[in-house]
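Asker: just to be clear, the model below is a prediction. Sequence and coordinates:
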Protein chains: 2
Amino acid sequence: MRAAVIHGPRDVRVEDRPDPKILTPGDAVVRVVAACVCGSDLWPYRGIRETKAPHPIGHELVGVVEEVGADVTVAAPGDFVIAPFSLSDGTCQSCRAGFTSACDHVTMFGGADRDGLPVDGAQGEYVRLPLAEGSLVRVPGPVDDALVPDLLTLSDVMSTGHHAAVSAGVGPGSTVVVVGDGAVGLSGVLAAARLGAERVVAMSRHADRAELAREFGATDVVAERGDEGVAAVRDLLGGDLADSALECVGTKESMRQALGSVHGGGRVGFVGVPAGGSELPIGYLFSRNLTVGGGMAPARAYIPELLPDVLSRTIEPGRVFDLELGLEDVGEAYAAMDERRAIKVLLRP
Amino acid sequence: MRAAVIHGPRDVRVEDRPDPKILTPGDAVVRVVAACVCGSDLWPYRGIRETKAPHPIGHELVGVVEEVGADVTVAAPGDFVIAPFSLSDGTCQSCRAGFTSACDHVTMFGGADRDGLPVDGAQGEYVRLPLAEGSLVRVPGPVDDALVPDLLTLSDVMSTGHHAAVSAGVGPGSTVVVVGDGAVGLSGVLAAARLGAERVVAMSRHADRAELAREFGATDVVAERGDEGVAAVRDLLGGDLADSALECVGTKESMRQALGSVHGGGRVGFVGVPAGGSELPIGYLFSRNLTVGGGMAPARAYIPELLPDVLSRTIEPGRVFDLELGLEDVGEAYAAMDERRAIKVLLRP
């Protein structure tokens, strides 16, 4: 099969790889219908995170089951499935508590599973998925091809935006600031609006992203950053600050922006992969009584709640994809996101 | 009047101080019926926090109103009142959200108010309280003297334990680990039990404190610390970890203990005054999907909820006081707590 492999900074190649096979009774082999490039894929692409050895890449996919191991009952060959970006057993305490991304046996794409067996990347024609029973979500068919982008977002970006909003305690009537106008931040706007937020302030300096944020439910857009950004939020809110902030970037600056945007006792939901240096200042949290929660989104746990809204077109999270390419053009997909020419790129193998 | 003044490490003296007077229309002058020594008072006492200039000390008190300014309607001369350890306006956004300790005009005992006027310490015969209208809670009289210790805990320690439990999301059926067996930790045990926790694991190495923890509702006591402490929690919980942990110390080690004691997606409520070095490791929070919240307890906001349970003797938080001294013996009060001869010392002026 053909699949993307990262070799180092700005060096993602499509290569011939072995066709995946069932290796354990808990596996499924899935033919990838659509995958995409994540903001976090840009970290090794940009060299911010070192690539010690070439490895398959990509962790978001929807596809059709080709084959399942003996223990897999959740889906059968021919079924259309969503694979969450982290694979989980579905049975440990963290999974039972709804935090599948903190599973005792959490397994990531492009690495090795708990048995030491290689796991394919999602940016390829096929993947072997360990922990299939706990991880895969079957979509009742037939699946309208027009829904593929929306369904694909549930594997990561929409579930991640939802996690930011849930972690920040967003509910009916909330006032929310969303820090980050990438695909996750935009999904956070959509999630906050979906959860009933009354006021959603998107922080964005890019006209196209701000426009999509408004279409996703942002009531206001703030272009300023830092203290000026906080002041702009106060101006918008009549001197008040937000109840909740969604931190959708992962830098020290974005976390500060989020923490500064909420009133005393406010909540920050963070889903930006920590880029280093964003350790939380506990004295500041203490004096302002802030709550911070989040992390890797438990996409598997959220999909059953979000899927009906996608199938009914109540939400259209797939609109974050503004470029679609074939798998062979994966290099251009990364470059377009790296250079901010695209918000998020969908790949069709 | 007589009042305690801290001059430096291990040097707290009772001195003659000016009798407080009403200085602004928002003030009250209160005769202190009982005050006490807080674990956080030990920081300057031990020299961990520098005392740059001598200043009055103490921030927990119940008393009888002597006089009020023109704007104060919440209490009148002769009323028995509880003063929360932080004074607040009751009108700003943080106060309205229930986080009075993060008030825009938060004012602490023993320092200066927003007008630059000196505020007395609570360890004295009388105090001038600015922001009286937003801060004081009147206790319907007549007040049984036997209830004074219980009422006094609402000014800080019981409200703080409650804040840890609320911040950690404790509710009916919760499994909770309480880190810290000082008066705050013990109050956290009581608060968790009061909120319906099914399993409350107190971490304590002191037989007398462990015994009080059990009387307050702890179902288990763990003496081990660090990784061994986490392993002991797992043993108790059949391989699982807790839903919530209360961090009631403020050190790096105690925060690690709390974070390690909860399952993926768990919540830590922190009320230990950060001693430095306990910045939160965001990568760890991210990978385990933990939520951390807390800070200075909004005692003023909690007192109306906790007071009826004290008046009805449903809870007896005053049992944390195991030594009662006169104000003139304040030096011995600090020494007894510093040397861990007493859990918490009540002072009668």
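Answerer: Cool, the structure landed.
Asker: going forward, measure contacts between C-alpha atoms and count neighbours the same way
Answerer: OK.
Asker: for the closest residue to A:R10 other than its chain neighbours, grab phi and psi.
Answerer: The shortest distance from A:R10 to any non-neighbouring residue, by CA to CA, 6 or more residues apart in numbering or on different chains, is to A:Y45 (5.0 Å). For A:Y45, the backbone dihedrals are phi -60, psi -40 (criterion: degrees, to the nearest 10).
Asker: okay, domains of chain A per the record?
Answerer: Following automatic domain parsing, one finds the domains of chain A at A:2-156+A:298-348, A:158-294.
Asker: circling back: my read is that the residue nearest to A:R10 contacts A:R13, right?
Answerer: No: here A:Y45 lies out of contact with A:R13, judged by CA atoms under 8 Å, at a distance of 11.4 Å.
Asker: if I look at the closest residue to A:M108 other than its chain neighbours, how far off is A:D309?
Answerer: Spatially, and ignoring its direct neighbours in sequence, A:M108 is nearest to A:S86 (5.2 Å; CA to CA, 6+ apart). Separation of A:S86 from A:D309 (CA to CA, to the nearest Å): 22 Å.
Asker: comparing these two, which residue is more hemmed in?
Answerer: A:S86 (24 against 14; other CA atoms under 10 Å in any protein chain shown).
Asker: so who does that one touch?
Answerer: By CA atoms under 8 Å, 6 or more residues apart in numbering or on different chains, the residues touching A:S86 are A:H59, A:T100, A:S101, A:V106, A:T107, A:M108, A:F109, A:S135, A:P298, A:A299.
Asker: try A:E133
Answerer: A:G26, A:D27, A:D71, A:V72, A:T73, A:V74, A:D89, A:G90.
Asker: the first one: helix or strand, and which one exactly?
Answerer: Put plainly, it is A:G26. Per DSSP states H and E, A:G26 falls between elements, in no helix or strand.
Asker: contacts only, for it.
Answerer: A:V68, A:G69, A:A70, A:D71, A:V72, A:P130, A:L131, A:A132, A:E133.
Asker: can you tell me how far it is from chain B?
Answerer: 23 Å (CA to the nearest CA, to the nearest Å).
Asker: same question for the fifth one.
Answerer: The gap separating A:T73 from chain B is 26 Å, by CA to the nearest CA.
Asker: which residue packs closest to that residue, ignoring adjacent ones?
Answerer: A:E133 is the one closest to A:T73 (CA to CA, 6+ apart), at 6.7 Å.
Asker: surely that neighbour is in a helix?
Answerer: Yes: A:E133: assigned to a helix according to DSSP: H, G, I helix; E, B strand; the rest coil.
Asker: need the contact list for A:E328.
Answerer: A:V14, A:P349.
Asker: would you mind listing what in the stretch 151-300 of chain A touches chain B?
Answerer: Applying CA under 8 Å from any CA of the partner chain, one finds that the stretch 151-300 of chain A approaches chain B through A:167, A:240, A:263-265, A:271, A:273-274, A:278-283, A:285-297.
Asker: so which of these sit within strands?
Answerer: Counting by DSSP state E, these place A:H263, A:G264, A:G265, A:T291, A:V292, A:G293, A:G294 in strands.
Asker: go ahead and confirm the last one touches A:V273.
Answerer: Yep, that's A:G294 we're talking about. No: with contact defined as CA under 8 Å, A:G294 does not reach A:V273; the gap is 10.2 Å.
Asker: so for these two, which residues contact both of them?
Answerer: If you check A:G294 and A:V273 against CA under 8 Å, 6+ apart, the residues they both contact are B:F286.
Asker: those two: which is more packed in?
Answerer: A:G294 (30 against 20).
Asker: for the more buried one, give its distance to A:T219.
Answerer: 24 Å.
Asker: next one: A:G171
Answerer: 16 Å.
Asker: likewise for A:P349?
Answerer: For A:P349, the distance to A:T219 - CA to CA - is 37 Å.
Asker: of those two, who's got more company?
Answerer: A:P349 (20 against 17).
Asker: wait, isn't the more buried one in contact with A:A34?
Answerer: Yes: using CA under 8 Å, A:P349 makes contact with A:A34 at a distance of 6.7 Å.
Asker: buried stuff in stretch A:102-113?
Answerer: Of the residues in stretch A:102-113, A:A102, A:C103, A:D104, A:H105, A:V106, A:T107, A:M108, A:F109, A:G110, A:G111, A:D113 count as buried by neighbour count, 16 or more other CA atoms under 10 Å in any protein chain shown.
Asker: same question but for stretch A:20-27, I mixed them up
Answerer: A:P20, A:K21, A:I22, A:L23, A:T24, A:G26, A:D27.
Asker: the stretch 151-300 of chain A: helices as residue ranges?
Answerer: A:157-167, A:183-194, A:207-216, A:226-236, A:252-260, A:282-288, A:299-311 (DSSP state H, counting those that start in this stretch).
Asker: in the stretch 101-250 of chain A, which residue sits closest to chain B?
Answerer: Closest residue of the stretch 101-250 of chain A to chain B, CA to the nearest CA: A:A102 (5.2 Å).
Asker: A:C95 is in contact with that residue, correct?
Answerer: Yes: assessed by CA under 8 Å, A:A102 is found in contact with A:C95 at 7.2 Å.
Asker: who does A:Y126 form a beta bridge with?
Answerer: Note on A:Y126: beta-bridge partners by DSSP bridges are A:R31.
Asker: distance of it relative to A:G69?
Answerer: 15 Å.
Asker: neighbour count winner among the two?
Answerer: The residue with more neighbours, out of A:Y126 and A:G69, is A:Y126; 28 against 19, by other CA under 10 Å.
Asker: now do the contacts for that one.
Answerer: Contacts of A:Y126 (CA under 8 Å, 6+ apart): A:M1, A:D19, A:P20, A:V29, A:V30, A:R31, A:V32, A:D120.
Asker: now those residues as TSV including pLDDT?
Answerer: Shown next, in TSV, are the contacts of A:Y126 (pLDDT from 0 to 100):
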residue	pLDDT
A:M1	97
A:D19	97
A:P20	97
A:V29	98
A:V30	98
A:R31	98
A:V32	98
A:D120	97
